[in-house]
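J.: let me see the structure of the following:
(one chain, ligands or ions: 1)
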Amino acid sequence: MDHFDYKDGRLHCEDVPVEAIVSQLGSPVYVYSRQTLVDHYRRLADAFAPLQPTICYAVKTLGNIHVLKLLAEQGSGFDIVSLGELARVLHATHDPSVIGRVVFAGVGKTDAEILEAISAGIGMFNVESEEEFENISRLAARIGRTTRAALRVNPDVFDKQTHRYTTTGKKGTKFGVDIDRAPAFFAAHGTDEQVALDAVHLHIGSPIYSAEPYVEAITRALELIDRLRVDGHAINALNIGGGFAADYEEGKSPAAADYAEKIVPLLQDRGLDVLIEPGRHIACNAGVLLTKVLYDKQSAGKRFAIVDAAMTDLLRPALYEAEHVVYPATLPDGEQPPVRKVDYKPPGGQLVDIVGGVCETTDTLAAGRCLPELHRGDLLAIFSAGAYGFVMASQYNARPRPAEVLVSGGDWRVIRRRETTDDLIAHERAEG
Ligand code: LLP
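T.: Numbering: from 1, shown residues only. Predicted coordinates:
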């Protein structure tokens, strides 16, 4: 699953006891395991190897430039959605072959973003509307360049287990173009001189907990591609998007091989280059957020552990009611390592809500958990926090964002320093 294990009752990331990091850096802090990132990337690459896919890691998931660099070294390309994400990729690597494996998604690309991406030589745009396509073509012509695009189609498929806030492949969302309108789109733009429109893109949501929605969406996309080919369009690539789930709890999600088993046969021998855009499947279980208990409080018969992390550091529970396993980094004497289940009950455990210090009722990181008795100063690990963790952190309540650390074997290093209160006001200081 990952490289976060209890050894002699103490949580380790690879070979480093996580307390050692906190005793030097303080808390809260995000800690990532290099080996887990690599293992998860390799498992996807191996599972889909018969298709020789281009893997475009979704930068929005965990966009630290050191993580991007590591994944670029593994052969990854990147899925970006903004100028900022392009800048991150360009900081991580200048290898033109990696930049050529960058795909640019998003319904609201600005002119500046489009111009910069064309100039940088990205692989293709995932186009989400007619006006956007025309704009890319116009801007490419203005700077005398050509580029490439996939049409993002909305296949009207979704997974019932996916939170409504992260479902994207269903009719009526802002994403993509209705699949029925795709033939007319290609008829209008398939021979554009600036933008080679020769690919189809899907992204049906995130996370998708089984292969079936992919099978349904890909089947529809293949029918479309057959029709487009009959209409005389050369369709060279299909991007099946991201959304491969992660183990927020032990055994919760399919393995990369389970998705591939159903998806690969559909796409073999179709004369298509295949792209995938995984994020969470690679990064989620590669990270924990470490936080200390500030206060133990009882109110109306309920127990609260107030911790030094908050919704500002990990937004997912407040925004999606997402459930992350939380457990002390040091086990009580003789206690066995916990099963990574939200409803796990250790012997002698007590019910507690883990809450942050922000002035919002939704600032609950975990509700109604059974944990060993907690005391001020105890260190807790919030598991499966690598994906959509730090990247969604904010400075609300003027809280500096936490540090990020990358562990490799017995070594660790800070890959983003903790923000300071000076950082909070740096952009507001009057210019000299
Ligand atoms: N490709 C596209 C076009 C996407 O929009 C996304 C995610 C991905 C790939 C990567 O999806 P993944 O493999 O990581 O599931 N903040 C939410 C998730 C929002 C996902 C947005 N798009 C969360 O914390 O669950």
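J.: what does the stretch 301-432 of the chain put close to the ligand?
T.: Applying Cβ under 6 Å from any ligand atom, we find that the stretch 301-432 of the chain lies next to the ligand at Arg316, Tyr320, Ala387, Tyr388. Heads up, the C-betas are built off the backbone N, CA and C, glycines and all.
J.: which ones are touching the residue of the stretch 251-400 of the chain found nearest the ligand?
T.: The stretch 251-400 of the chain approaches the ligand most closely through Gly279 (2.6 Å), counting by Cβ to the nearest ligand atom. Neighbouring residues of Gly279 by Cβ atoms under 8 Å, 6 or more residues apart in numbering: Tyr57, Ala58, Lys60, Thr61, Leu62, Asp79, Ser206, Gly242, Ala387.
J.: what helix or strand is Ile55 on?
T.: strand 54-58 (DSSP states H and E).
J.: so can I have a markdown table of the contacts of Gly279 showing secondary structure?
T.: Below are the contacts of Gly279 laid out as a markdown table (DSSP: H, G, I helix; E, B strand; the rest coil):
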| residue | secondary structure |
| --- | --- |
| Tyr57 | strand |
| Ala58 | strand |
| Lys60 | coil |
| Thr61 | coil |
| Leu62 | coil |
| Asp79 | strand |
| Ser206 | coil |
| Gly242 | coil |
| Ala387 | coil |
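J.: show me which of those are buried.
T.: For the contacts of Gly279, a burial check counting by 16 or more other Cβ atoms under 10 Å picks out Tyr57, Ala58, Lys60, Thr61, Leu62, Asp79, Ser206, Gly242, Ala387.
J.: tell me the least confident of those residues?
T.: pLDDT across these is at its lowest for Ser206, which sits at 90.
J.: I figured it hits Pro213, correct?
T.: No. Taking contacts as Cβ atoms under 8 Å, Ser206 lies outside contact range of Pro213: 11.3 Å.
J.: burial count for Asp422?
T.: By other Cβ atoms under 10 Å, 9 other residues sit near Asp422.
J.: which one is Ile179 nearest to, not counting chain neighbours?
T.: The shortest distance from Ile179 to any non-neighbouring residue, by Cβ to Cβ, 6 or more residues apart in numbering, is to Val153 (4.5 Å).
J.: strands along the stretch 1-150 of the chain, start to end?
T.: Under the criterion DSSP state E, counting those that start in this stretch, the stretch 1-150 of the chain contains strands at 4-7, 10-13, 16-17, 29-33, 54-58, 77-80, 102-104, 124-127, 147-154.
J.: could you do the stretch 151-300 of the chain as well?
T.: 177-178, 195-201, 237-239, 273-276, 287-299.
J.: sheet partners, orientation included, of the longest one?
T.: According to DSSP bridges, strand 287-299 has the following sheet partners: strand 29-33 (antiparallel), strand 302-307 (antiparallel), strand 379-382 (antiparallel).
J.: out of these, which is closest to Gly100?
T.: Set against Gly100 and scored by Cβ to Cβ, the strands paired with strand 287-299 come closest in strand 29-33, at 26.9 Å.
J.: state the helix or strand in which the residue nearest to His66 when sequence neighbours are not counted lies.
T.: Spatially, and ignoring its direct neighbours in sequence, His66 is nearest to Ile415 (4.1 Å; Cβ to Cβ, 6+ apart). According to DSSP H and E, Ile415 maps onto strand 411-416.
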